[in-house]
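In: need a structure here:
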Amino acid sequence: MSSRPFLPITVSSFTLAILYILLIVGLPTVANAEDALEFNIPASSLDQALKRYGLEAKIQLYVDSSLTKGKMSSGLQGRFTASQGFESLLKGSNLKVIQQPNGAYQITSKTSPIAHVDVTDSDSIYIDTIDIIAKEYVGTRDESGYNDVFDKNISSVYVGKQELERFKGSAPADMLSGMLNVYSADARNSGGIDANIRGIQGPGRVPLTIDGTEQAITIWRGYNGANNRSYIDPNLIGNIKAIKGPNLERDVHSGIGGAVVASTLDIDDILKPGETAGGELKLEGSNNAVTANVPSLSTGKSYLDIPGYVAQGDIKDPTLLIEPHSGGQDYLNDYAYRLAVGTRQDFFDVMGAYAYRKKGNHFSGTHGKGFYSRGSDDIQDNVIPDLANIYKPGDELPNTSSEMQSWLAKVKLKISDYESISFGYRDSTSLYGEIFPSRISWESAVNDGVPQWPLSNVDSKAYNVEYKLNPETNRWVDFYANVWKTNTVSDTYTAGGYPNEPVVRNDPTNTLLHNTAVRNAQEDRKGVTLSNAFTIMDNLDLTLGGRYQKEKLSTDDEFGSPSLGSTFSLLPKAGRREEKYFNFNFAWKPTHFLSIDAGMRYSSFWTFDDFRQSRLDAGDTNYSNYLSEIGRTVSIAYDKIITQAEIDVEIQSNENQRDFLEMIGVPAAEIDRVIADANQQSQAKVGTTTPDGMEAVWEADSEGKYHRADNPCLTTDIEFTSCARTGERLYSDLKTLKKVKRLKGDGWAPVLSVALDINDDSKVYARHSQAYRFPSLFENTISFSASLPDPNYELKPEHIYNYEIGYVHDLAGLVDAEYADVKLNYFYNRTENVIDRSPSLVFSNLDKQTIKGIELQGRYDTGRFFTDLSLAYNFENEVCDENSAVLLDEYSTSNCVKDGFVGGYLVSMAMPEYTANMTVGSRFFNRKLELGSRVTYYSKHQDNFDTNYRDSSTISYFANTPLSWDTILLYDAYASYQVNNDLTVELTGTNLSNEYYIDPMTRSAIPAPGRTLKLSLTAKF
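Out: Coordinates of the predicted model:
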């Protein structure tokens, strides 16, 4: 825990013995106060400058952070003794330094009567005029963000500006790399981020906000599910924080899985402390990318004029096939630059930034291809065993290019020291490679390769106005408001068809081609976030908050136009949705060692399908007339025991033949003999069996779901020889929908957290939180391969129950380090009524999903040497639903399966069982040079198909097959050198071992980039 009234700053010498793993810690040394040392401390906050000075001077320094709060320093350059350095740093601050009897230094006010502080007791520090409980260490934004990971009683991960820009990778999704149990699905074929926290993913489950604004579109991936994409330019982002689990964090939009909170660059990221005007120029260049050979469309042409074009089945279009390049280390078609300028004045701040990046198709790695080249005839193995046969190791990967251009503007008006209003504007345009997963033909791709499709295009704009009011003398007012709006227009290759598809297949009279692959979507959101914090008593705070958001989804795609003529094309989606939240949270500290937070959140929503309503208004009976499934027929075969009563009927039938035999002249004696023989044969059947059968109806309940208790095969008293579904479905009478129903709902959910300080350096905490997630627009509007059972079907809201227990320990005092923190937590998430696609390809509420795991986070920083370690063991991910189980196989499929049911979306959201991230590094030459490396590990994906389905021959496995990954072990490294106060050069290498792999939770069969080197230059002026 980093919050403390005084921060002792010491430096120890370390020797790095084995990179990533072993380190040897040297003995601490204390500098002689009379020795002059060379310093290069840039302008910053006084708090930061003093900390840096203590580290470089190797002295022990005690600082009350309240004294330095808000004060700035011009830095320190040159040779100084300890006393000279303090004199220069503290000039004009009204502070002084006092050396203690043990050689340590204390910063105090010039008017303070305190002469010295007793620091001989390493466990306690007593200063007469300091209220230890009330004071907290205050650092920079990023420093506070990293500290909050260990200080707050909730699990979170934070990435600051420097780390983001160092490891932002080849796609926006790479910004989440290295964040423990935080992922982005479909990283290489989406152009955006689809956040996954602890295995929870999807629209509304893990909202991603940027400066409090939200923009996300759920993109249909056909049988392979859907992605909830947030389009984001990494070059504009200053920091990202992932909060795990539902929460009541102030001004944070949290879903049932948590929240990803991103902030754009700010004036303090551009200007040095004390500067009134200036700017920053950042230049980057990388290898391992080649300019994409983007094809031209053949719209309006005849496929007969294209040699080799095959119009049947999976279309083969030679105009889209390319000869991939190889040798990615020799290509340098990945570059970016950003220019940001700003001014900081007494009454206002203004900043603006322009960013541009162009990256070609990347190249895959070359090592570790065995798992991806072994080949398989099992459909459940999907395309992965042939991946390296389709995408040759070291070759160019089609549909992975990107080009992004962004603008950012911010204005802050400082009405007073405690009141401000800020205006923000952001505009990003992105062109990126994309191919529909179902259009990567497994068979032909091995021989012909994967086609290069045209590029998707997304234009996203965001506007927001923030207002803050926090007078220091008024404990009842700490007010925040944010009014925002986002507009996103996208033309993405996600409609389900082909870029060049015949208007009519197999019709020699009409061979013209058109584009059935592109889909237009316009997504507009607007919202308001409000909050106010009250200090009711010295140990009791109350925070009230509210949030409103309205979402509208529309399209320029015309229903019935040729562009929608594909058999597999997505219907246009159009609808509206509204959400409201209100929450309150009490923070109570009854004693100095106990903290209790308790609150609740009320949420409500409504959603409406505008597209279906438009079809009703047009009189389209395809959307007004519908049938509801009420049952399925079952055929029961059994051996029937013949009874005497049945034989008596048969004997009577024999006797009835007598008149006929007499009529045709058969002698009476012969008739008696024949009938007697027949009666004897009939009588002999009594007690024997004969094959028989019957049909029965397996009735669905009122929600259209099926249960074992209603299945005739499982409930009949008949000893059958076989019992199986016939495939025939029974429906209700034809119904007519006259008006689309508005779906709505609401609910209250509590949050409770209790923390106990064991001592000054350690604590334990326990949390219980609940939240509702209401159906999204995507789930509540009509579409292909994912829809509601009927127009009147109402999805229930998801309801999560989250439990977390954590232990935190600050070891800095024990190991003589600037930071040394460890955090261990256990989490349990149970989501009831979780929404998923059923094996019948319709949305429904599953009974529940349960996810459990353990996480460990730690950091250690002496100023010279630093390391960061995070580990996760996710030991349970179970999805339970009787309806899904019995529809797959009522005999052998359990109600609960691992990861999720085949055909659903949840099965491809499963995390790796084991995850590890480690960063180590060291600083040299007064921190001018920093060398570091990072290791990332993901355990191999476990295919639970055979475990979940004991009789797998009965299971259809064509929809949303999880793409398995092999064990992933990645090595990254960097070297950063500060040439002077204004210029920094950095070299970063990612995937240094050049591994061939796919990312966890990808839905598109596209490998990740191989070894990539990036050179960047950052200049301030």
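
In: CA atoms only: put whichever strand or helix holds His768 into PDB for me.
Out: Using DSSP states H and E, His768 sits in strand 762-773. Extracted in PDB, the C-alpha atoms of strand 762-773 (Å, rounded to 0.1, in the frame of the first residue of the first chain):
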ATOM      1  CA  SER A 762      -0.800  -4.800   5.400                       C
ATOM      2  CA  LYS A 763      -4.500  -5.300   5.100                       C
ATOM      3  CA  VAL A 764      -7.200  -7.800   4.100                       C
ATOM      4  CA  TYR A 765     -10.500  -6.900   2.400                       C
ATOM      5  CA  ALA A 766     -13.600  -8.700   1.300                       C
ATOM      6  CA  ARG A 767     -16.100  -7.500  -1.300                       C
ATOM      7  CA  HIS A 768     -19.600  -8.600  -2.400                       C
ATOM      8  CA  SER A 769     -21.100  -6.800  -5.400                       C
ATOM      9  CA  GLN A 770     -24.000  -7.400  -7.700                       C
ATOM     10  CA  ALA A 771     -25.100  -5.900 -10.900                       C
ATOM     11  CA  TYR A 772     -27.600  -6.200 -13.800                       C
ATOM     12  CA  ARG A 773     -26.800  -6.300 -17.400                       C
END
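
In: quick one, strands of the stretch 751-900 of the chain?
Out: 762-773, 798-810, 819-832, 835-837, 843-845, 848-861, 865-880, 896-898 (DSSP state E, counting those that start in this stretch).

In: what's the last one packed up against?
Out: Right, the one you point to is strand 896-898. Other helices and strands packing on strand 896-898, by 3 or more C-beta pairs under 8 Å, 6 or more residues apart in numbering; DSSP states H and E, are strand 865-880, helix 945-948. All C-beta atoms are positioned from the backbone trio N, CA, C, and that covers glycine.

In: how does it look with 6 Å?
Out: In terms of contacts (3 or more C-beta pairs under 6 Å, 6 or more residues apart in numbering; DSSP states H and E), strand 896-898 is packed against strand 865-880.

In: where does the strand it packs on sit relative to the chain's centre, distance-wise?
Out: 15 Å (C-alpha atoms, centre = their mean, to the nearest Å).

In: Sheet partners, orientation included, of that strand?
Out: Partners of strand 865-880 in the sheet, by DSSP bridges, are strand 848-861 (antiparallel), strand 896-898 (antiparallel), strand 914-924 (antiparallel).

In: Which stretches in the stretch 351-500 of the chain count as strands?
Out: So, for the stretch 351-500 of the chain - with DSSP E, counting those that start in this stretch - the strands run 361-362, 402-416, 419-432, 456-469, 479-492.

In: My error: substitute the stretch 501-650 of the chain in the last question.
Out: Using DSSP E, counting those that start in this stretch, strands in the stretch 501-650 of the chain cover 501-502, 513-514, 519-537, 540-554, 575-591, 594-609, 625-626, 629-641.

In: could those strands go into a markdown table alongside mean pLDDT and mean neighbour count?
Out: Shown next, in a markdown table, are the strands of the stretch 501-650 of the chain (pLDDT from 0 to 100; neighbours: other C-beta atoms under 10 Å):
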| stretch | mean pLDDT | mean neighbour count |
| --- | --- | --- |
| strand 501-502 | 90 | 24 |
| strand 513-514 | 92 | 24 |
| strand 519-537 | 96 | 18 |
| strand 540-554 | 97 | 19 |
| strand 575-591 | 97 | 17 |
| strand 594-609 | 97 | 19 |
| strand 625-626 | 88 | 14 |
| strand 629-641 | 93 | 16 |
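
In: Redo the ones you listed as a markdown table? Include distance to Gly813.
Out: Putting those into a markdown table (distance: least, C-beta to C-beta, whole Å) gives the following:
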| stretch | distance to Gly813 |
| --- | --- |
| strand 501-502 | 68 |
| strand 513-514 | 71 |
| strand 519-537 | 31 |
| strand 540-554 | 29 |
| strand 575-591 | 23 |
| strand 594-609 | 21 |
| strand 625-626 | 69 |
| strand 629-641 | 67 |
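
In: So which of the ones you listed is nearest Asp142?
Out: Closest to Asp142 of those is strand 519-537 (C-beta to C-beta; 22.9 Å).

In: CA atoms only: put that closest one into PDB for me.
Out: Output in PDB follows, covering the C-alpha atoms of strand 519-537 (Å, rounded to 0.1, in the frame of the first residue of the first chain):
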ATOM      1  CA  ARG A 519     -22.200  -3.500 -44.000                       C
ATOM      2  CA  ASN A 520     -23.000   0.100 -43.100                       C
ATOM      3  CA  ALA A 521     -23.800   1.100 -39.600                       C
ATOM      4  CA  GLN A 522     -24.300   4.400 -37.900                       C
ATOM      5  CA  GLU A 523     -24.200   4.400 -34.100                       C
ATOM      6  CA  ASP A 524     -25.000   7.500 -32.200                       C
ATOM      7  CA  ARG A 525     -24.800   7.800 -28.400                       C
ATOM      8  CA  LYS A 526     -25.300  10.600 -26.000                       C
ATOM      9  CA  GLY A 527     -25.100  10.700 -22.300                       C
ATOM     10  CA  VAL A 528     -24.700  12.500 -19.000                       C
ATOM     11  CA  THR A 529     -22.600  11.500 -15.900                       C
ATOM     12  CA  LEU A 530     -23.200  13.300 -12.600                       C
ATOM     13  CA  SER A 531     -21.800  12.800  -9.100                       C
ATOM     14  CA  ASN A 532     -21.300  14.600  -5.800                       C
ATOM     15  CA  ALA A 533     -19.300  13.600  -2.800                       C
ATOM     16  CA  PHE A 534     -20.300  14.700   0.700                       C
ATOM     17  CA  THR A 535     -18.300  14.700   3.900                       C
ATOM     18  CA  ILE A 536     -21.000  14.000   6.400                       C
ATOM     19  CA  MET A 537     -18.600  13.400   9.300                       C
END
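
In: Figure out how far it is from the centre of its chain.
Out: Relative to where its chain is centred, strand 519-537 has its mean C-alpha point 20 Å off (C-alpha atoms, centre = their mean).
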